[in-house]
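# Next comes the sequence, and after it the predicted model I'd like to discuss.
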Amino acid sequence: MKIGIMGLGTVGTGVVQLLEGDQRFEIRRIVVRDLHRPREIDLSGYELTTDPLSLVSDPEIEVIIEVAGGLSPARELVTAAIRAGKHIITANKALIATHGPELFQLAAEHGVVILFEAAVAGGIPLISTLQHGLLANRITRVAGIVNGTTNYILSRMEREQIPFATALAAAQAAGYAESDPTDDIEGNDVSYKIAILASLAFHAPVEVRQIYRQGISGITDLDIKLAAEFGYRIKMIGLAQPVKRAAGGGPEQVDVRVHPMLLPASHPLAGVDGVNNAIFINGSAVGEIMLFGPGAGRMPTASAVVGDLFNLTSALEIPDFSRYFRTRIEGPACSILPIEETENAYYIRLQTRDIPGVIGRLGTAFGDHEVSLHSITQKGVAADGSATIILVTHRVREQQVQAALEKIRSQETTQQIGVVLRVLV
């Protein structure tokens, strides 16, 4: 089988390493951005080019492996390759999350397949589990830690009791965070991944642009310490669950969002540390399962890419094999529940003036909006006379909490509402 590869970064290099010496495959051409950039591996036996469409125009290339990332020129390349009858293997989460349904339809029309195991959770066989292994189930929840950078930062903050900025710098020094970490710490990366997982779980498109996102930059080491005192750990979570089903059984409306959450210390996801990923799935037949492992890195992600290649190779001799690999994401896009209508328990940290009656004013504001408080705790008084107040609510609609907080902001005793975090229940 003759292969073209687009991208020779971390993952692309791993793919070449895994395929070296395998007589079943010939890497015909590799597309790179810079022909003169020093590489970690010997490329003397390979043809390098800066022209992505040269992969499409080569009639001998049967499969294109796209590991360059981004939307352009990846979308143009994949579209042209499908029209030319070439199979696609990709690790591109942004491409699949944003343009997946249209590309899957185009692939079906041309009798080729798109495989994307490496697009979410690196070396964890998650995509194939949702596509094939859990077909007998109606999925009722997908919740996961699918970004190693944020999990590493939160783990360091908890373990070493250091502030966010220090933990972020450590992640950058270790190579786990980019010099511009925005996509990771503000939830963009997780949004792409949970959009893909939700689309697969519910068999309908989920538009990534409609997904609510909240990052972790506002979380302090104090929040992590206090969460532990209440029996919780803070994790960055991608969550997808149906809230209203159509007459045919599929979801009419889904709750899909990305934000940090407090997890009970007993929850399986709470024990996932460092750069590891884990995905917790609830199915109607299987019950609760969790997949855990390395969610990024050269060889775990390259392993998923090459695993797709091996699966494709094995299937090519089967008549009409592409039907088996067809991605079942059909119909109109799911309606996503607005964040204001979601229901959660909440952890709220705020600063107030330490004067008599403050706690009563807070309780009244929440009571007026029918927000039931589980606990309210004052954590000391600073030299300037300000007090840190921690509130944990029972399960309630988001818009009620936000209305109560708006009233609290207007109180003269309120100095700052530091952070509002949801609790996974």
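Everything's here; your move.
# make it CA atoms for all contacts and neighbour counts henceforth
Noted.
# Helices along the protein, start to end?
Along the chain, counting by DSSP state H, helices occupy 10-19, 53-57, 74-83, 93-110, 126-128, 148-160, 164-173, 182-185, 188-202, 221-229, 298-315, 322-325, 358-368, 398-409.
# And those: which comes nearest residue 253?
Comparing those by their distance to residue 253 (CA to CA), the top pick is helix 188-202, with 10.2 Å.
# tell me which strands and helices that closest one is in contact with?
helix 93-110, strand 139-145, helix 182-185, strand 232-245, strand 251-264 (3 or more CA pairs under 8 Å, 6 or more residues apart in numbering; DSSP states H and E).
# still on that earlier bit, please name whichever of the helices of the chain is nearest to residue 32.
Taking these one by one with CA to CA, helix 10-19 is closest: 9.8 Å.
# now the closest one against helix 298-315, angle please.
Interaxial angle, helix 10-19 versus helix 298-315 (axes from the mean of the first three to the mean of the last three CA atoms, to 10 degrees): 60 degrees.
# Let's have the helices and strands packed on helix 188-202 in JSON lines, adding mean neighbour count.
What follows is these, written out as JSON lines (neighbours: other CA atoms under 10 Å):
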{"stretch": "helix 93-110", "mean neighbour count": "20"}
{"stretch": "strand 139-145", "mean neighbour count": "24"}
{"stretch": "helix 182-185", "mean neighbour count": "18"}
{"stretch": "strand 232-245", "mean neighbour count": "23"}
{"stretch": "strand 251-264", "mean neighbour count": "23"}
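# quick one, which of those is nearest to residue 116?
helix 93-110 (8.0 Å).
# Dump that closest one to CSV, keeping only the CA atoms.
Once non-C-alpha atoms are left out, helix 93-110 reads as follows in CSV (Å, rounded to 0.1, in the frame of the first residue of the first chain):
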residue,chain,number,x,y,z
LYS,A,93,-9.7,17.2,15.9
ALA,A,94,-10.5,20.7,14.5
LEU,A,95,-11.2,19.3,11.1
ILE,A,96,-13.5,16.5,12.2
ALA,A,97,-15.3,18.6,14.8
THR,A,98,-16.0,21.5,12.4
HIS,A,99,-16.4,19.7,9.0
GLY,A,100,-16.8,16.1,9.9
PRO,A,101,-20.4,15.5,8.7
GLU,A,102,-19.9,17.0,5.3
LEU,A,103,-16.7,15.1,4.8
PHE,A,104,-18.2,11.8,6.0
GLN,A,105,-21.1,12.3,3.5
LEU,A,106,-18.6,13.0,0.7
ALA,A,107,-16.6,9.9,1.6
ALA,A,108,-19.7,7.7,1.5
GLU,A,109,-20.6,9.1,-2.0
HIS,A,110,-17.1,8.2,-3.3
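# any weak-confidence spans in the protein?
245-251 (pLDDT under 70).
# before we move on, the earlier item: any idea which of the helices of the chain is most buried?
helix 188-202 (a mean of 26; mean count of other CA atoms under 10 Å).
# now the angle from it to strand 232-245?
Using the same axes, to 10 degrees: helix 188-202 against strand 232-245 is 40 degrees.
# What residue, apart from its backbone neighbours, is nearest residue 381 spatially?
If the residues on either side of it in the chain are set aside, residue 381 comes closest to residue 387, at 4.5 Å by CA to CA, 6 or more residues apart in numbering.
# Go ahead and confirm the one you found touches residue 351.
Yes: between residue 387 and residue 351 a contact is recorded at 5.6 Å, counting by CA atoms under 8 Å.
# Can you pick out the residue with more neighbours from those two?
residue 387 (21 against 18; other CA atoms under 10 Å).
# residues contacting the more buried one?
Neighbouring residues of residue 387 by CA atoms under 8 Å, 6 or more residues apart in numbering: 351-354, 378-381.
# Quickly check those residues for the two that are furthest apart.
353 and 379 (12.7 Å).
# between the contacts of residue 387, which is nearest residue 59?
residue 351 (66.4 Å).
# beta partners for that closest one?
In this structure, residue 351 bridges to residue 388, residue 416 when assessed by DSSP bridges.
# Which residues are in contact with it?
Residue 351 neighbours (CA under 8 Å, 6+ apart): 386-389, 414-418.
# cutoff 7 Å now
Contacts for residue 351 were tallied using CA atoms under 7 Å, 6 or more residues apart in numbering; they are 386-389, 414-417.
# I'd like those laid out as JSON lines, including distance to residue 46.
As requested, these are exported to JSON lines (distance: CA to CA, whole Å):
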{"residue": "386", "distance to residue 46": "66"}
{"residue": "387", "distance to residue 46": "65"}
{"residue": "388", "distance to residue 46": "62"}
{"residue": "389", "distance to residue 46": "62"}
{"residue": "414", "distance to residue 46": "65"}
{"residue": "415", "distance to residue 46": "63"}
{"residue": "416", "distance to residue 46": "59"}
{"residue": "417", "distance to residue 46": "58"}
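# Now a PyMOL select for only the buried ones of these.
To isolate the buried members of those in PyMOL, using 16 or more other CA atoms under 10 Å:
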select buried, resi 386+387+388+389+414+415+417
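# how about the nearest residue to residue 243, chain neighbours excluded?
residue 254 (5.4 Å).
# Give me the domain ranges for the protein.
For the chain, the structural domains run 2-115, 126-295, 342-423, going by automatic domain parsing.
# which residue lies farthest from the center of the protein?
residue 356 (44.8 Å; CA atoms, centre = their mean).
# Return the backbone torsion pair for it.
phi -60, psi 140 (degrees, to the nearest 10).
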